[in-house]
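K.L.:
Below is the sequence, then the predicted model.
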Amino acid sequence: MRFLLLTTALLSIAACHEAAQQQPSANESAAGQAAGEGIKGVHRDHKGIPAPAVAFTDLDGKPAKLADFKGKPLLVNLWASWCAPCVKELPTLDRLARTGKVQVLAVSQDDGPHASVVAFLQVHKIATLEPYQDAKMGLSGALGPDTVLPTSILYDSSGKEVWRYVGDLDWTTPQASKLLAEAS
């Protein structure tokens, strides 16, 4: 049984890493293609599109939608406990959330029980981010077939997309601050 669990975990991590290393699609920036950066980085090809109206689960297990967070810029991060880059990024998202500069909504794509997302965040000492979950992966599906984990989407105060960041990022860096300032 342990071997099966270990094998599943390793395959999941490899798939997450492989997805982050894919070659750019036709709609991705020419600059990123020329630099050979793959899909990791900032993408602006969905700029101005309203946030999807897909429901996910809030900290109490009740339905929530991105529209519930309109009025202030919102950084939505799609992550999963089995995705190593996602887990690496979570503490920096937690620190960003503490600053209050932008609303931060980290939405787990794990399909297990909601209590497992709560426990995962507690074990990793993620104190500010709330345990939102999208077990049916409706958000990632609504954001497009090229959505990989981790992906973060910045929405302006009216709920329109500013950009997407594919891959993990230290959200406490000057680079991240500059990107987040675009929603002001």
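P.N.:
All right, it came through fine.

K.L.:
and stretch 113-129, which residues are buried?
P.N.:
114, 117-118, 120-121, 126, 129 (16 or more other Cβ atoms under 10 Å). Using the backbone N, CA and C atoms, a C-beta is placed for each residue, glycine as well.

K.L.:
From W171, how far off is the nearest residue to P52 once chain neighbours are set aside?
P.N.:
For P52, ignoring the flanking residues on the chain, the nearest one in space by Cβ to Cβ, 6 or more residues apart in numbering is A142 at 3.6 Å. From A142 over to W171 the distance is 23 Å, taken as Cβ to Cβ, to the nearest Å.

K.L.:
Counting neighbours, go ahead and name the busier of these two.
P.N.:
W171 (27 against 14; other Cβ atoms under 10 Å).

K.L.:
Could you tell me the per-residue confidence at that one?
P.N.:
We have a pLDDT of 97 for W171.

K.L.:
Past the helix or strand of the chain with the lowest mean pLDDT, which element shows up next along the chain?
P.N.:
Within the chain, no helix or strand scores below helix 30-35, which has a mean of 31 by mean pLDDT, DSSP states H and E. As assigned by DSSP states H and E, the chain's next helix or strand after helix 30-35 is strand 41-43.

K.L.:
Pairing partners for that following strand, with directions?
P.N.:
If you go by DSSP bridges, strand 41-43 pairs up with strand 161-166 (antiparallel).

K.L.:
in the next helix or strand after the partner strand, what counts as buried?
P.N.:
Once the chain leaves strand 161-166, the next helix or strand it forms, by DSSP H and E, is helix 174-180. Neighbour counts over helix 174-180 (16+ other Cβ under 10 Å) mark 176, 179-180 as buried.

K.L.:
now do stretch 71-90
P.N.:
73-87, 89-90.

K.L.:
and that stretch, how far from the chain's centre?
P.N.:
Chain-centre distance of stretch 71-90: 4 Å, with Cα atoms, centre = their mean, to the nearest Å.

K.L.:
send the alpha carbons of it over as CSV?
P.N.:
The C-alpha coordinates for stretch 71-90 follow below in CSV (Å, rounded to 0.1, in the frame of the first residue of the first chain):
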residue,chain,number,x,y,z
GLY,A,71,-14.2,45.8,-5.1
LYS,A,72,-10.5,45.3,-4.5
PRO,A,73,-7.8,43.8,-6.6
LEU,A,74,-7.7,40.0,-6.2
LEU,A,75,-4.9,37.5,-6.7
VAL,A,76,-6.3,34.0,-7.3
ASN,A,77,-3.8,31.2,-7.0
LEU,A,78,-4.7,27.7,-8.1
TRP,A,79,-2.6,25.1,-6.3
ALA,A,80,-2.7,21.5,-5.1
SER,A,81,-1.0,19.7,-2.2
TRP,A,82,0.7,17.2,-4.6
CYS,A,83,2.3,19.9,-6.7
ALA,A,84,5.8,20.7,-5.4
PRO,A,85,6.1,24.2,-7.0
CYS,A,86,2.6,25.0,-5.5
VAL,A,87,3.7,24.0,-2.0
LYS,A,88,7.0,26.0,-2.4
GLU,A,89,5.0,29.1,-3.3
LEU,A,90,2.3,29.0,-0.6
